Structures are given as C-alpha cells and as structure tokens.
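Engineer: structure for this input, please:
(one chain, ligands or ions: 2)
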Amino acid sequence: MTPLSGKPVVTAAKMRAAEEAAIADGTSVDILMARAGTEVAQTIRRLASGSEVLILCGPGNNGGDGYVAAAALRAWSLPVRVAALAPPATDAARNACAGWSGPVETLAETKSAPILVDALFGTGLSRALDPAIVAALRRLNARARLSIAVDLPSGVDTDRGVALGDIPAADVTLALGAPKPAHLLYPAAGLCGAIRVLDIGVPASSDVMVLAAPDLPMPGPDSHKYSRGMVAVVGGDMPGAAELSAIAALRAGAGYVLLLAEHGALQPHAIVRKAFTPDALTDKRIGALIIGPGLGRGDEARARLDQALASAVPLVIDGDALHLLDTARLDVVRNRAVPVIMTPHAGEFDALFGKGEESKIDRARAAALRSGATIIFKGADTVIASPQGAVRVAQSANAWLSTAGTGDVLAGAVGAFLSGNANIAFDAACAGVWAHARAARRLRGAFIADDLADALTAVRSRL
Ligand SMILES: NC(=O)C1=CN([C@@H]2O[C@H](COP(=O)(O)OP(=O)(O)OC[C@H]3O[C@@H](n4cnc5c(N)ncnc54)[C@H](O)[C@@H]3O)[C@@H](O)[C@H]2O)[C@@H](O)CC1
Ligand SMILES: [K+]
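Structural biologist: Ligands and ions are numbered 1, 2, ... in the order given. Reported below is the predicted structural model:
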C-alpha cells in the first residue's frame, strides 16, 4: 500500500477553490498558511535531524509557507536561513515574512546548506522559470544532502505534469492538502522524489483519484469455473503474446480460459485451446474476450476484430487490434451495448485519438467520453478513465516493466476481472492495472513477462 493510494488528485484550480471555500467558512488564508508552514516545518525537523536548513522563498503563498516554516524551525532553536527570490507579493506572504525575524539573503548569493527547502513556486507557477533561477536552484540542490520541495518542485506545471525548465529533482516533495497531477504524471513525477501529503485542513475532492487496492470477491465453496469468469483470447500471427494473456487471465483468477488459436505451445494444460471460428464467439458463457496481443495486422486480423466487435461479448482491445481501429470501427465501439476496455500506450493513444498538449488525465478522460470505452492509457503513470468521467491514476510500479509482453499480461489480468463482472468495466480495468503493478513490485531485476504473469497468482491470493 502506498501512502497516496485512494487520495483525490486535485488540479491547481480545484485546490484554489477548496482554499476559497475554507476561507468562506471562516478560516483565513493566514491560518491556512500557518497550518501548512507548521506542518512543513515539522516534517523538515524530522528529516533534517539537526543539520542546517536553507529555505528558498518565492513571492507568492508558496514562499509564505516557507517563511512560516523558517520561523517555526527558528522558534525550535534549529539552524535555519532564508533566501528570497523577490519580496513577498501577497498579503498572506507579507504577514508570514513579517513573522520571520532573521535576515533574508538573496537567491543569487546565498550559500548552500545540507538541507535545501524549495518554497519558490507552487500551484501558482504561470510560466517557465528564468534560467538564472534554474541555475541557482541547481547549484544549491547539487550541494545539499537532502532537498525538500514545498507542495511541488518549483518549475513543474501542476496540472500537466511537465517541467517548465531544466529544473533539478527534489528528494522529497511535501504535497499540501492533496496530491496534484504533477505528483503522479511523468516527467514531473520523476522530479518529486518521495511524496508525502500533509493535511492542512482543506478538504478537497475530485473524480480523479490515485489508484487504490480493489475490493474483489474471493471464490466461495459454491463457485465453479464459469461463475469465476470465462475468458477467451483471440490468437493470431504471434502465438506467444496471446498465450501470455491467457496465462495472465488464469493467474489473475479467471475460472476458465479459452485460447482461440491454431498454433502455439501446449503448456500450460489448464488453457483450453481451439481454432478460431466466428461461432466460438457466440458461447454465452464467455465473460470477456481479449483481442490484440499477437493478433497481426493483416486481413485475417481485421476479420477477427470485426467479428469480435460484432459479438455480444465484453471486449479488451489491446496491441495490434488498437492499430486496426479506424474511425468506422471506433463508431462500432461507441455503439456497442456491452463494454469495451482499450489499453493503448502513448504511441497507440496518439494514433487513435490524436496528439495533445493537455494532461494525460484530461486526454484519457476525453478519449473515454469520445469512444464510450474504458481507457487504460498505459505508461509509468497509467491513467484509467471511464466514459462517465471517473479517473484513476496509478503510481509507477517498477521500471523493469519496460520489457516485451508485459502489456499482454495486463490485457489478460484485465480480461479476468472483466469476465467476473462485466457490469463495471471501469472497476475491472482498475483491478487489472492494480494487480499488474502489484505483481511487478514483487519482482526484482530484469524479470520477463512470463514471471510477471506467474506473480499474479500470489497477488490475487492477497487481494
Ligand atoms: N491552496 C491552499 O489551500 C493553500 C495553498 N498554500 C500555498 O500557496 C501556494 C500557491 O500560492 P500562489 O497562488 O500565491 O502561487 P505561488 O506561490 O506558487 O506563485 C505565485 C507567484 O509567483 C509568480 N510567478 C509565477 N510563475 C513565475 C515564474 N515562472 N517566474 C517568476 N515568477 C513567477 C506569480 O506572479 C506570483 O507572484 C501553494 O502551492 C501552497 O504552497 C498555502 O499557503 C495554504 C493553503
Ligand atoms: K516549491
């Protein structure tokens, strides 16, 4: 379990709205800043263990938090210095600065300290950082033993998760009130280091949340193979990929897995194999059909995809099948009465829905709305979006996932959960992504996709 899991993911505008609601309820911005700054100071105190702290303060309320934290550390008789980029520009930041009784150095001239605290910019960053600011940050960051960012590393765009300048990475980021998209979306997430969310008493909600452990039913004494879910996998040009999906579906808990393929290995024996025929798709016991892993992109692949789309079976569309989805087939997807889950990585997503400057969260949500399908937009920061607007963002699981076949395993896991309950395709997608990530976290070093599929058994037993 990660500390962020299940938390709402809040944009800069939503956070401001939550702050304004708290102010309207009678909590002044000064009180909010006092809370935030004090929480920050308490965390710094624990992490610094007596080493000298240098706090960099910007002109806005992020800088205000920095002054409050500095005053608190000083009141606790801890060694702390402050360097400012510019004088405080908001009333709250001015009041906070007035509470700091020590000298204020300049960012350009200040000397480094073992503990660097970046309170230059938070959610109010509106443009790229001046190169002189980036240079100062890099200089101080390189000489610090530990660098701590208040709310966000200065220079990251809160909502889009991109860096506006060549900024250095923090070791720890203290997210105030709630995680923001930049704490989860790459490349910004890679600049945050370890993320801790500090409660500042500003309740924030969102239909975007960090992916949490799913709540799935376990088999009972009266379960049988079909009640646990029957998954069919359509084979094609590359038999190994469809087999990986089939194994993953079994190991994620499906009761029966049918591999519709003409060729391939005979192991494991638990997979039932039979040649693909359109008739095979009319078996009413099939709870989910996976199409795409190793399918190929030729005429036969196209025909199989069209038969799958025309069937009454819930679908997981992955890999090669995503490449075959043209506008007409996307229309069929939208008009299907039974659910579709699509699992594009960035290249496949761009090809299907176009490139875009918006955040990965917004793009996934728009694609789900447009296609009527649940979208699993894969990556280190996988985003799952439902056509109803719900979004979950998964935290990076294991960099070794970047190996052939791990996508086939994901499709299999998602298929297993979809076959168990196709009414809630979004939940199945979330469960599949979660189980896949959990399996990856159990593995070390250069594991292979077969290991990942095998690891699902242990993950499933602990859900
Ligand atoms: N939302 C909340 O509930 C709370 C927010 N607080 C803090 O307030 C922060 C947001 O404060 P602000 O909205 O004042 O924003 P920031 O403090 O992030 O920055 C805004 C200031 O920076 C300037 N600026 C923006 N981009 C710049 C750039 N590239 N180069 C130079 N100057 C630039 C702006 O003109 C403005 O003066 C949060 O990140 C958090 O740290 C806390 O104080 C209390 C509670
Ligand atoms: K900051």
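Engineer: per-residue pLDDT, residue 73?
Structural biologist: Residue 73 carries a pLDDT value of 98.
Engineer: and it, how far is that from residue 148?
Structural biologist: Distance, residue 73 to residue 148, by C-beta to C-beta, to the nearest Å: 12 Å. C-beta here means a position set from N, CA and C on the backbone, and glycine is covered the same way.
Engineer: which residues are in contact with each of those two?
Structural biologist: When contacts are counted by C-beta atoms under 8 Å, 6 or more residues apart in numbering, residue 73 and residue 148 are jointly contacted by residue 44.
Engineer: comparing these two, which shows the higher neighbour count?
Structural biologist: Under the criterion of other C-beta atoms under 10 Å, the comparison of residue 73 against residue 148 puts residue 148 first, with 27 against 24.
Engineer: does ligand 2 have contacts with the longest helix along the chain?
Structural biologist: Ranked by number of residues, the top helix in the chain under DSSP state H is helix 29-48. No: judged by C-beta under 5 Å from the ion, helix 29-48 and ligand 2 are separated, with a smallest distance of 10.2 Å.
Engineer: what's the following helix or strand after that helix?
Structural biologist: strand 53-57 (DSSP states H and E).
Engineer: separation between residue 215 and residue 431?
Structural biologist: The value you get for residue 215 to residue 431, if C-beta to C-beta is used, is 9 Å.
Engineer: buried set for the longest helix of the chain?
Structural biologist: Of the residues in helix 29-48, 29-30, 32-41, 43-45, 47-48 count as buried by neighbour count, 16 or more other C-beta atoms under 10 Å.
Engineer: what do you get for stretch 334-342?
Structural biologist: Applying 16+ other C-beta under 10 Å to stretch 334-342 flags 336, 339-342 as buried.
Engineer: reformat those as a markdown table; add distance to residue 269.
Structural biologist: A markdown table is the format used below for the buried residues of stretch 334-342 (distance: C-beta to C-beta, whole Å):
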| residue | distance to residue 269 |
| --- | --- |
| 336 | 34 |
| 339 | 31 |
| 340 | 31 |
| 341 | 28 |
| 342 | 31 |
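Engineer: so which of residue 215 and residue 431 has more stuff around it?
Structural biologist: Neighbour comparison, residue 215 and residue 431: the larger count goes to residue 431, with 28 against 8 (by other C-beta under 10 Å).
Engineer: buried set for the helix or strand hosting the more buried one?
Structural biologist: Element membership for residue 431, per DSSP H and E: helix 425-442. Using 16+ other C-beta under 10 Å as the test for burial, helix 425-442 gives 425-440.
Engineer: can you check stretch 453-463 too?
Structural biologist: Buried, per 16+ other C-beta under 10 Å, within stretch 453-463: 453-456, 459-460, 463.
Engineer: residues of the stretch 101-250 of the chain that sit close to ligand 1?
Structural biologist: 121-130, 150-151, 176-177, 200, 202 (C-beta under 6 Å from any ligand atom).
Engineer: same list, these, but only the ones touching ligand 2.
Structural biologist: Among those, ligand 2 is touched by residue 150 when using C-beta under 5 Å from the ion.
Engineer: among the residues of the stretch 101-250 of the chain next to ligand 1, find the lowest-pLDDT one for me.
Structural biologist: Pick the lowest pLDDT in these and you get residue 126, at 87.
Engineer: ok, that one to residue 274 distance?
Structural biologist: 60 Å.
Engineer: looking at these two, which is more packed in?
Structural biologist: Remark: of residue 126 and residue 274, residue 274 carries more neighbours, 13 against 9, as counted by other C-beta under 10 Å.
Engineer: check contacts around that one.
Structural biologist: Residue 274 neighbours (C-beta under 8 Å, 6+ apart): 258-260, 280.
Engineer: hmm, 7 Å instead?
Structural biologist: Residues near residue 274 by C-beta atoms under 7 Å, 6 or more residues apart in numbering: 258, 260, 280.
Engineer: please enumerate the strands of the stretch 51-200 of the chain.
Structural biologist: All strands of the stretch 51-200 of the chain, identified by DSSP state E, counting those that start in this stretch, fall at 53-57, 80-84, 104-106, 115-119, 146-150, 172-176, 194-198.
Engineer: residue 292: neighbouring residues, count only.
Structural biologist: 33.
Engineer: one step back: identify, from the buried residues of stretch 453-463, the entry nearest to ligand 1.
Structural biologist: Of all the buried residues of stretch 453-463, residue 463 has the smallest distance to ligand 1: 35.3 Å, by C-beta to the nearest ligand atom.
Engineer: how far away is residue 331 from ligand 2?
Structural biologist: From residue 331 across to ligand 2, the span is 46 Å (C-beta to the ion, to the nearest Å).
Engineer: dig out what residue 81 forms beta bridges with.
Structural biologist: residue 54 (DSSP bridges).
Engineer: now for the helix holding residue 431, which elements pack on it?
Structural biologist: Other helices and strands packing on helix 425-442, by 3 or more C-beta pairs under 7 Å, 6 or more residues apart in numbering; DSSP states H and E, are strand 340-342, strand 374-377, strand 383-385, helix 406-420, helix 449-461.
Engineer: in TSV: these, plus mean pLDDT and distance to ligand 1.
Structural biologist: TSV is the format used below for the helices and strands packed on helix 425-442 (pLDDT from 0 to 100; distance: least, C-beta to the nearest ligand atom, whole Å):
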stretch	mean pLDDT	distance to ligand 1
strand 340-342	98	35
strand 374-377	98	27
strand 383-385	98	23
helix 406-420	96	35
helix 449-461	93	36
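Engineer: can I get the ones you listed in JSON lines including distance to residue 247?
Structural biologist: As requested, the helices and strands packed on helix 425-442 are arranged in JSON lines below (distance: least, C-beta to C-beta, whole Å):
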{"stretch": "strand 340-342", "distance to residue 247": "19"}
{"stretch": "strand 374-377", "distance to residue 247": "19"}
{"stretch": "strand 383-385", "distance to residue 247": "23"}
{"stretch": "helix 406-420", "distance to residue 247": "7"}
{"stretch": "helix 449-461", "distance to residue 247": "5"}
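Engineer: residue 92 is nearest to which of the ones you listed?
Structural biologist: Closest to residue 92 of the helices and strands packed on helix 425-442 is strand 383-385 (C-beta to C-beta; 33.8 Å).
Engineer: I'd like to know how far the residue in the stretch 201-350 of the chain that ligand 2 sits nearest to sits from residue 362.
Structural biologist: Per C-beta to the ion, residue 202 is where the stretch 201-350 of the chain lies closest to ligand 2, at 17.3 Å. To residue 362, residue 202 is 23 Å away according to C-beta to C-beta.
Engineer: what does residue 387 give?
Structural biologist: 15 Å.
Engineer: again, but for residue 275
Structural biologist: In terms of C-beta to C-beta, residue 275 sits 43 Å off from residue 362.
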